[in-house]
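Trainee: Whatever this is, show me its structure:
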Amino acid sequence: MGAFVGWQSSELWAVGPLAIGGLLALALYLHTQRALQGLTFTAWLLTLAAVALAYPRPFLTWGDFDLKRLIVPVIQLVMFGMGTSVSAGDFLRALKMPKAVVIGMALQYTVMPLTGVALAFVFGFSPEVAAGMILLGSCPGGVASNVMTFLARGNVPLSVTMTACSTLMAPLVTPALMELLAGRLVPIAFMEMMISIIKMIVLPIVAGLIANRLLREHRVVIDRVLPTVAMAGICSVNAIITANSRDKLLTIGLLLVVASILHNFIGYALGYAGARLSRLSVTDSRTVAIEVGMQNGGMAAGLAIEVLRSSSAALAPTIFGTVMNASGAALASWWRGKPVPGVLYEQQSAPKAIPTANAQAQL
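Mentor: Numbers count the residues shown, from 1 in each chain. Predicted coordinates:
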């Protein structure tokens, strides 16, 4: 908090190095603690964001090259990594559990967008920032939810299936929700957004699915290389967005953090409550709660830059991604310590998304 106040009072020369050094030390410490390694990626995100706040120039341009042009390619790379970690069976599994998937999709695309609208109104954000919060809520679930579900001893196949299905629905549902809920705030180009989602999300996933089949013998190499590349890329994207929105962030940053925490936890709470009211089991309800509460922040940030052409609109997705990574790990740990009565837990296999989980924490 002291660092934030210092930044707001333009005392970056004094506070910046202290905050950066502290966050860097925290990231290195978490990396050495096996029980806390799930928070390492969050610490690195915060470290790079602190650097971008204190010293934004290196994250704006290199010569004549605008670094914002790197955002979409990096997201495509991460979504390609998601494609290599799933299979066609993950998309077809919806036929085996239609009730849970339909309920999950309904909650996913109602709770989060409407909560985004409500919070944007309550906090009185500017039109671009408000549109970014609604855009975040209108995006599909994030891949990190599959890992958190596994850690929480939830229904991993249901989580993977919900992520896959909500992602496939995004090219139509996300632009439609934005036109309906945010059309009065900023201009929404439906077709442009739909095509961008297909290029940014769907095509890379399809390419990853193909690569998964063709490069099975090299899976160990893929699982080792892609997470590191994707983690570095997402940290860089986060820093680029932070640098480009620095002045706005220093003005409303604390409010956005509070709004993001509320958005995240309301998603968990209403996702769980809605699933239980629909008579899903406790295990499936926990899974739906995690899936609803964790959004594809990377996709939202990419659409904010490429379609809405606004760094301010990318702020909410950027902050939300960091918040949900920490809260998801905490919620998964808490639920893991509270087994569902009457359920006999078997040793289940980790979802294929786990090798790239930390790298995809914002997605």
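
Trainee: which stretches of the stretch 1-150 of the chain form helices?
Mentor: Assigned helices in the stretch 1-150 of the chain, in chain order: 2-8, 12-32, 40-54, 71-84, 88-92, 98-123, 127-137, 144-151 (criterion: DSSP state H, counting those that start in this stretch).

Trainee: Quickly, which of the ones you listed bottoms out on average pLDDT?
Mentor: Out of these, helix 2-8 stands lowest, with a mean of 46 (criterion: mean pLDDT).

Trainee: Could you point out which of the helices of the stretch 1-150 of the chain sits nearest Met162?
Mentor: Across the helices of the stretch 1-150 of the chain, the minimum distance to Met162, taken as CB to CB, is reached by helix 98-123, at 4.6 Å. Quick note: C-beta positions are derived from backbone N, CA and C, even for glycine.

Trainee: Next, the angle helix 127-137 makes with that closest one.
Mentor: Relative orientation of helix 98-123 with respect to helix 127-137: 160 degrees, computed using axes from the mean of the first three to the mean of the last three CA atoms, to 10 degrees.

Trainee: and helix 98-123, which residues are buried?
Mentor: 100-101, 103-105, 107-109, 111-120, 123 (16 or more other CB atoms under 10 Å).

Trainee: Flag the shaky bits of the stretch 201-350 of the chain, pLDDT-wise.
Mentor: Judged against pLDDT under 70, the low-scoring parts of the stretch 201-350 of the chain cover residues 216-223, 341-350.

Trainee: Mind jotting down where the strands sit in it?
Mentor: Defined through DSSP state E, counting those that start in this stretch, the strands belonging to the stretch 201-350 of the chain form an empty list.

Trainee: And the helices in it, which stretches?
Mentor: 203-214, 219-244, 246-277, 282-293, 297-306, 315-336.

Trainee: Dump those helices into JSON lines; add distance to Thr47 as well.
Mentor: Formatted as JSON lines, the entries for the helices of the stretch 201-350 of the chain read as follows, by distance: least, CB to CB, whole Å:
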{"stretch": "helix 203-214", "distance to Thr47": "27"}
{"stretch": "helix 219-244", "distance to Thr47": "8"}
{"stretch": "helix 246-277", "distance to Thr47": "16"}
{"stretch": "helix 282-293", "distance to Thr47": "25"}
{"stretch": "helix 297-306", "distance to Thr47": "18"}
{"stretch": "helix 315-336", "distance to Thr47": "11"}
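
Trainee: Looking at those helices, which is nearest to Thr40?
Mentor: Of these, nearest to Thr40 by CB to CB is helix 219-244, at 9.3 Å.

Trainee: ok so, going back, mind checking which of the helices of the stretch 201-350 of the chain is nearest Ala131?
Mentor: Of all the helices of the stretch 201-350 of the chain, helix 297-306 sits nearest to Ala131, with 7.9 Å by CB to CB.

Trainee: related to what we said a few turns ago, out of the helices of the stretch 1-150 of the chain, nearest to Phe265?
Mentor: Of all the helices of the stretch 1-150 of the chain, it is helix 98-123 that lies closest to Phe265, at 9.9 Å by CB to CB.

Trainee: quick check: angle from the closest one to helix 246-277?
Mentor: Here helix 98-123 runs at an angle of 140 degrees relative to helix 246-277 (the same axes, to 10 degrees).

Trainee: by contact count, what packs against helix 98-123?
Mentor: For helix 98-123, the contact count by 3 or more CB pairs under 8 Å, 6 or more residues apart in numbering; DSSP states H and E identifies helix 127-137, helix 156-182, helix 246-277, helix 282-293 as packing neighbours.

Trainee: Distance from the chain centre to that helix, please.
Mentor: 15 Å (CA atoms, centre = their mean, to the nearest Å).

Trainee: Check stretch 305-325 too.
Mentor: Averaged over its C-alpha atoms, stretch 305-325 has a centre that lies 10 Å from its chain's centre (CA atoms, centre = their mean).

Trainee: Buried residues of it, list them for me.
Mentor: By neighbour count, with 16+ other CB under 10 Å as the criterion, the buried positions of stretch 305-325 are 305-308, 310-325.

Trainee: of all the helices of the stretch 1-150 of the chain, which lies closest to Ser196?
Mentor: Across these, closest to Ser196 is helix 71-84 (CB to CB), at 8.1 Å.
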